[in-house]
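1. Curious how this folds, go ahead:
(chains A and B)
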Amino acid sequence: MSSASDAELLADVTRFLYREARYQDEHDYDAWEALWTDDALYWIPANGDDLDPETQMSIVYDNRSRIALRIRQLHTGKRHTQSPRSRLRRIVSNIDVLGRTGPDQNDLNVTANALVYESNLRGETLWASRNDYTLRFVPGSGSGPDGGTELRMAKKKVILANNQAALFTLSFLI
Amino acid sequence: MAAALNVLAPTWSRLVQRDRVDGSVYTDPAIFRAELEKIWYRGWVYVGHSSEVPKPNDFVMKAIGPQSVLMTRDKDGQIHLLLNRCPHRGNQVCLEDRGNTTSFVCSYHGWNFRNNGELRGTPFPAGYQGVDKSQLGLGKVARVETYKGFVFGSFAAPGSGPTLLEHLGAAAEAIDRLVQFSPEGEVEVTAGFLKHRTKANWKFIVDNETDGYHPTFVHASIFSTAKSGIGALYNNDSTAVSRYLGNGHSENDLRPEFRRLDKPLGWFGTSEDRLPEYVAKMKVAYGEEKARQILVDGTPHTMIFPNLFIAEIQLFVLQPLAADETVQHVTAIQFKGAPDLNRRMRQQTMGSVGPAGLLLADDTEMYERNQRGVQQRDPETLFLGRGLHRERTDENGFTIGDNTDEVPSRGMWSHYRALMEAT
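-> Coordinates of the predicted model:
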């Protein structure tokens, strides 16, 4: 890969992550949900970074249908812990494309750091994490001969810096 | 400390009445300190499960309120509850959540303790000439008893106070009912704990565990979106009942509803054809008829005072840290010999509880709103009178009410008052 295309790829990825962060901070639930592929996995481990989620409790271990349920619940307006909604601002940084995987090398392994400030009825909370993503190029809806390609999230793993500790309620989209 | 207890002693009849309690019982730091002495450091408290230390020399870090407790299994298989404090200078001797070791070595001056708490040795021993090593072991929770794998501890002196079986009383039956969902008759606590911190008093949580009134309102968002049948168990014409079991323990007995519906595994939102291996094993273990009854009835919804909530598919362990701070430790119940059921138990647990849980995050939001609200000056009390006029006695002599009635709360508070008034 040439350095020019490396820089282009990183710019695409960065734009995608900033967009995701904006949807989350603004509680734009549907736009955020639309970023996911059908084989989605949204995972927030507990008590370490790599415990087997098939045998050990995770804070979140959502497949696509549970992501949809989580969003539908938020939309009811009676998800009390998000009514009123948390006020959020997050910084996403240290973005890196670590490699490609999957059929046709179409999946990108991406990592980033995030720091989220939350203000809600209880007070102020800081959430620090490393986020590991699998992003995938899918056929896009743009103009041009093939409509271009767009990025989607196939996997997001949020590794909270304090996931070994007792945590306050985490009910916004992180 | 003693002075604070004496000042409080005559006021309990005012603070805790039959149908109301004073708001200060949730907020006053002096009352919290008194509770530690009279409830948490005196009575039986659930600590852990024997399956968390399956092998000789296993240990796991647990807690009784703010006390950090090491649950160990020694080389002979006996379970000990040790305090995580070096008798020398107070250093924490163990910093790992779990592991396997025959000894704990203090990082400060190298004192070495056996996993039964005894002091094995001290570096440069000539400096301790004439010192009695047997007096310098780790502190211990004096009484340790196990019921069907559930390990409880009490700081009361051996021989004083009730036995564990006396304390559990009728609530022991909840554990009996629970373990029979394993074809081998054993619960396993092997899925790890989510730790959910909340700025609220522990008694708001105890009150809520068997409060059948709130689900319709607090959990409407998930009942409607997940098309769950749980909501119907707690509506106004549910045939389920709330029951006070004595000694602070209580339950929502959902069996009348599940028996009316008469669907094996209906309580779990599934059916026998989805878990064929499990159902076959249950029929072999208990016989066709009894297995069917077990699977129709469902697992218990029982609060064992003061800190173990058997929540049908999860175990909650409450850890009070301050008048306004509590940690809920929660794990999926796992049944020995039931891997297909266990996988679903873990999946449902991860969805519903813990910091991001679709159910518990909303309960916990209420706990924090309760805690802030109760600090307002007027009215001074919380009203616990729901269903007082229709309380009744069941065939076993227990007080019961409709499922939405505050029978469990009133029972818990009467027991609480007796403990706090005791000298």
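2. List of residues touching stretch B:158-171?
-> B:42-44, B:142-143, B:145-147, B:152, B:154, B:172, B:175, B:245-247, B:249, B:251, B:302, B:304, B:396, B:398 (C-beta atoms under 8 Å, 6 or more residues apart in numbering or on different chains). The C-beta positions use only the backbone N, C-alpha and C, and glycine is treated the same way.
3. cool, stretch B:279-291 as well?
-> For stretch B:279-291, using C-beta under 8 Å, 6+ apart, the contacting residues are B:180, B:183, B:184, B:185, B:264, B:265, B:272, B:294, B:295, B:337, B:338.
4. 6 Å instead?
-> Residues outside stretch B:279-291 that contact it (C-beta atoms under 6 Å, 6 or more residues apart in numbering or on different chains): B:183, B:272.
5. Now that stretch: average pLDDT?
-> Averaging pLDDT along stretch B:279-291 yields 98.
6. any idea which element the closest residue to residue A:168 other than its chain neighbours lies in?
-> The spatial neighbour of residue A:168 that comes closest, neighbours along the chain excluded (C-beta to C-beta, 6 or more residues apart in numbering or on different chains), is residue B:197 at 5.3 Å. According to DSSP states H and E, residue B:197 maps onto strand B:194-198.
7. Please name every helix or strand in contact with the helix or strand just after that strand.
-> The helix or strand immediately downstream of strand B:194-198 is helix B:202-209, counting by DSSP H and E. Judged by 3 or more C-beta pairs under 6 Å, 6 or more residues apart in numbering or on different chains; DSSP states H and E, helix B:202-209 is in contact with strand B:314-322, helix B:360-373.
8. what about the nearest residue in space to residue B:313 that is not next to it in sequence, how many neighbours?
-> Nearest residue to residue B:313, sequence neighbours excluded (C-beta to C-beta, 6+ apart): residue B:345, at 5.1 Å. Taking other C-beta atoms under 10 Å in any protein chain shown as the criterion, the count of residues near residue B:345 is 23.
9. Then residue B:139?
-> Applying other C-beta under 10 Å, I find that residue B:139 has 16 neighbouring residues.
10. what's the pLDDT at residue 33?
-> I went with chain A, as the question did not name one. On the pLDDT scale, residue A:33 gets 98.
11. wrong chain, I was asking about chain B
-> Predicted confidence (pLDDT) for residue B:33: 97.
12. Which of the helices or strands spans the closest residue in space to residue B:59 that isn't next to it in sequence?
-> Nearest non-adjacent residue to residue B:59, counting by C-beta to C-beta, 6+ apart: residue B:72, 4.3 Å away. Assigned by DSSP H and E, residue B:72 belongs to strand B:67-73.
13. any idea which helix or strand comes after that strand?
-> strand B:79-83.
14. And that following strand, what does it pack against?
-> If contacts are counted by 3+ C-beta pairs under 6 Å, 6+ apart, strand B:79-83 sits against strand B:67-73.
15. can we see that at 10 Å?
-> Strand B:79-83 is packed against strand B:45-49, strand B:58-64, strand B:67-73, strand B:112-114, strand B:143-147, strand B:150-154, with contacts defined by 3 or more C-beta pairs under 10 Å, 6 or more residues apart in numbering or on different chains; DSSP states H and E.
16. Nearest to residue B:221, out of the ones you listed?
-> strand B:45-49 (30.7 Å; C-beta to C-beta).
17. Within its sheet, name the partner strands of that closest one and how each one runs.
-> strand B:150-154 (antiparallel) (DSSP bridges).
18. Give the next helix or strand downstream of the partner strand.
-> Downstream of strand B:150-154, the first helix or strand assigned by DSSP H and E is helix B:164-168.
19. in the stretch 301-423 of chain B, which spans are strands?
-> For the stretch 301-423 of chain B, the strands defined by DSSP state E, counting those that start in this stretch cover B:301-304, B:308-311, B:314-322, B:325-332, B:334-335, B:381-383, B:392-393, B:399-402.
20. would JSON lines of the ones you listed with distance to residue B:113 and mean neighbour count be doable?
-> Putting the strands of the stretch 301-423 of chain B into JSON lines (distance: least, C-beta to C-beta, whole Å; neighbours: other C-beta atoms under 10 Å in any protein chain shown) gives the following:
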{"stretch": "strand B:301-304", "distance to residue B:113": "31", "mean neighbour count": "28"}
{"stretch": "strand B:308-311", "distance to residue B:113": "28", "mean neighbour count": "24"}
{"stretch": "strand B:314-322", "distance to residue B:113": "24", "mean neighbour count": "21"}
{"stretch": "strand B:325-332", "distance to residue B:113": "25", "mean neighbour count": "23"}
{"stretch": "strand B:334-335", "distance to residue B:113": "31", "mean neighbour count": "24"}
{"stretch": "strand B:381-383", "distance to residue B:113": "45", "mean neighbour count": "16"}
{"stretch": "strand B:392-393", "distance to residue B:113": "51", "mean neighbour count": "10"}
{"stretch": "strand B:399-402", "distance to residue B:113": "47", "mean neighbour count": "21"}
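21. Chain A is nearest to which of those?
-> Of all the strands of the stretch 301-423 of chain B, it is strand B:325-332 that lies closest to chain A, at 4.4 Å by C-beta to the nearest C-beta.
22. Show me how far that closest one is from its chain's centre.
-> 9 Å (C-alpha atoms, centre = their mean, to the nearest Å).
23. pull the CA atoms of that strand into PDB?
-> Extracted as PDB, the C-alpha positions of strand B:325-332 are listed here (Å, rounded to 0.1, in the frame of the first residue of the first chain):
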ATOM      1  CA  GLU B 325     -23.200   4.200  48.200                       C
ATOM      2  CA  THR B 326     -23.800   0.500  47.400                       C
ATOM      3  CA  VAL B 327     -22.300  -2.000  44.900                       C
ATOM      4  CA  GLN B 328     -24.600  -4.600  43.300                       C
ATOM      5  CA  HIS B 329     -22.500  -7.700  42.300                       C
ATOM      6  CA  VAL B 330     -24.500  -9.800  39.800                       C
ATOM      7  CA  THR B 331     -23.900 -13.000  38.000                       C
ATOM      8  CA  ALA B 332     -25.900 -15.400  35.900                       C
END
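24. Partner strands of that strand, with direction?
-> Partners of strand B:325-332 in its sheet, by DSSP bridges: strand B:194-198 (antiparallel), strand B:314-322 (antiparallel).
25. Save those as JSON lines, and put in distance to residue A:155 too.
-> Shown next, in JSON lines, are the strands paired with strand B:325-332 (distance: least, C-beta to C-beta, whole Å):
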{"stretch": "strand B:194-198", "distance to residue A:155": "21"}
{"stretch": "strand B:314-322", "distance to residue A:155": "27"}
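26. Okay, residue B:97 and residue B:74: tell me how far apart.
-> Here residue B:97 is placed at a distance of 19 Å from residue B:74 (C-beta to C-beta, to the nearest Å).
27. of these two, who's got more company?
-> More crowded of residue B:97 and residue B:74, by other C-beta under 10 Å: residue B:74, with 19 against 14.
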